[in-house]
Each structure stands twice: as C-alpha cells, then as structure tokens.
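**Q** sequence and computational prediction follow.
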Amino acid sequence: MDNRKYEALIIVSETGSITQAADRMGYTQSGITQMINSMEKELDVKLLTRTNKGAHLTTAGKKLLPYMKEENLWERYIRQECDRMHGLESGLVTVGCLSSISAAWMPTILEAFSREHPGIRVNMVEGESPELDSMLMDGRIDLALADIHEKKSYVSRPLVQDEILAIMPNDPELAGRSSITLDELMKYPYISYATGSSENLNLGWLDRSLPNRFKPTVMYTSKSDFTAIQMVSHHLGVSLAGRLMIESYPLSTTNLSLDPPMYRQLGIAYKSHTHILPAARSFMECAENVIRSMQDEEVSL
C-alpha cells in the first residue's frame, strides 16, 4: 500500500504550494511533481493547474479530493492498527487548538504523551474555533481542542468550563469591584484579537460566545492575544478573555467576572462518522487524563 501520491495532492490542495508539500513530506519539489504527474497519467485526468502563483486543483481534482482523503485516512488507520498488533505505535496526529490551550495545556499533555507513546509524532496547529471547525471537517486536523458546541458534524467531549473575564487596565475606580456588566464594558474602547489565519478580527473567538447585543467600539485589533492584553495594561482599552488564557499571562491588568457570569465549554472534538485513527485516539485519551489531573490538583489546592 502506498498512498503518498494522494497525500502529496492533499497537501498541495491545502497549501497551494508544491514546495510546501515537498517540505512537509521530506521530498524534493521534483519528487512531488513526479508523483502527481504519475497519478494524472494513471488516472488519465488532469488534477492540478500550475501557475507562477502556485498550484491549484482542477475541477476534476476537486471532485476526486474527498475520495483521496478517505483512502489516505484508511491507509493510515490500517498501518497504525498493524503496528499495534506487532507491539509498536506509530503515526502522526495533527491537533488544532486555541492559543490559550496551546500555552496552558499542551506542554503538559505533550510531556505525558511523549512518555506514554514515544513513537507517535504530533503536529500542532493554532487557530480560532470557527477555523478549527473548518479544518476538522476538511480533514486537515485529526482533533480539535477548542470551545465546543452541539453539532452533528463532529463528536465533542467536554473537558472544562472556562469563565470569560473582562480584562481591564489597573485603575483606582475599579478598586474593590469583582464584576462588570457587558453594558458597562461597552463604554470603553475595545481591543480585539484573533489568532491563526482568521480574518474576523471584530470580536475574534468571542463571536459565538457572546450575546448579539454586545456591540463594543473596536479601536484596536491584533493577531496576538498576548499583544492585546499588553495593550490593555497600557490603558489603551479593554478586552475579554478566558480565565485559562489569563492565567498563562501574568500581566498587570484588573480581571473582572461578568455580571451575570459567562462561560465557554472547552473540550476535544473529532469528525462524526469517521473512524478515529489509533494514534489520535491515544492522544485524546492522554489529553483527557492529563486535564482531569490538572483540574483535580487545582481543586485540592
């Protein structure tokens, strides 16, 4: 079994670049080109259009891509199961996660995972939840660690309720306050952030977590949550963030609960109607165990 030709086309379709496909697969550009040319000859169909701006799927390529992804997935599944039968573990797990999760959880998860499953590699991709949803549906990631919602398109396993906090500059008028309403928050200039390749910088990840009536005046936008919180500490405005993220950045800000309190449900998700790969299943089980242990330690303190 050799589905490297399919894998090459899948990566080119995602990146629009034969060079990036070669880098990710450990081949030369000519090697990837030969693979795709061979597949086009074998199928008697043109799959790629190559221009000086990159490579893009033809109409036929777009039509065949879902079947190639499915075939590639099943080959990975068979190889990983066969390795397990021989007492070995192998494979690559691509995990999409929120930046707050990558900072707060992933180092501990990866430390435990590398100890328990040293033969499995992990590729981590950061992004906002809508972007991660799309990547999960397209098969670009195996698992998503993000804020989860009830959807028939993926299976979600809740892990933690993360409180959404108002991030305010240190100011004497806020002394002694423990909470603030959204209506009060809208009186301040707002600083928005969205990591990954998300184009929506209006409210970022908060777009599907807050009520529609919350319409702040967005004065500044950033691709970095850390930069946004630094801007708050310099009295440029206010922002909102999950407690998990704030605890990863010990910055000089005043962090207030919302009134009434608001939360987002963080969890792990994988695509519905898909056999989860053995390596991805092992990562999911490890992540769940690590996060439960972290939560138990917090409760005991």
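**A** Ah, there it is.

**Q** tell me how the chain divides into domains.
**A** The chain resolves into domains spanning 1-75, 162-264 when parsed by automatic domain parsing.

**Q** how long is the last one from one end to the other?
**A** Distance between the boundary residues of domain 162-264 (Cα to Cα, to the nearest Å) amounts to 5 Å.

**Q** mind putting the domains of the chain in a markdown table, mean pLDDT and distance to E288 included?
**A** Placement of C-beta: from N, CA and C, glycine included. Below are the domains of the chain laid out as a markdown table (pLDDT from 0 to 100; distance: least, Cβ to Cβ, whole Å):
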| stretch | mean pLDDT | distance to E288 |
| --- | --- | --- |
| domain 1-75 | 86 | 22 |
| domain 162-264 | 83 | 16 |
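
**Q** can I get the ones you listed in JSON lines including mean neighbour count and distance to P107?
**A** Shown next, in JSON lines, are these (neighbours: other Cβ atoms under 10 Å; distance: least, Cβ to Cβ, whole Å):
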{"stretch": "domain 1-75", "mean neighbour count": "16", "distance to P107": "23"}
{"stretch": "domain 162-264", "mean neighbour count": "17", "distance to P107": "10"}
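
**Q** among those domains, which is nearest S282?
**A** Nearest to S282 among the domains of the chain is domain 1-75 (16.4 Å), distances taken as Cβ to Cβ.

**Q** so how far is the closest one from its chain's centroid?
**A** Distance, stretch centre to chain centre, for domain 1-75: 24 Å (Cα atoms, centre = their mean, to the nearest Å).

**Q** can you check the pLDDT for G96?
**A** G96 carries a pLDDT value of 93.

**Q** now the phi/psi pair for it, please.
**A** Torsion angles at G96 (phi, psi; degrees, to the nearest 10) stand at phi -90, psi 140.

**Q** pairing partners for the biggest strand by length in the chain, with directions?
**A** The strand spanning the most residues in the chain, taking DSSP state E as the definition, is strand 154-168. Strand 154-168 has the following strand partners under DSSP bridges: strand 239-242 (antiparallel), strand 254-258 (antiparallel), strand 263-271 (antiparallel).

**Q** with just CA atoms, put the second one into CSV.
**A** The reference is to strand 254-258. Provided in CSV are the C-alpha atoms of strand 254-258 (Å, rounded to 0.1, in the frame of the first residue of the first chain):
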residue,chain,number,x,y,z
THR,A,254,-7.6,44.0,36.5
ASN,A,255,-9.6,40.9,35.6
LEU,A,256,-13.3,41.0,36.5
SER,A,257,-16.1,38.4,36.2
LEU,A,258,-19.0,39.4,34.0
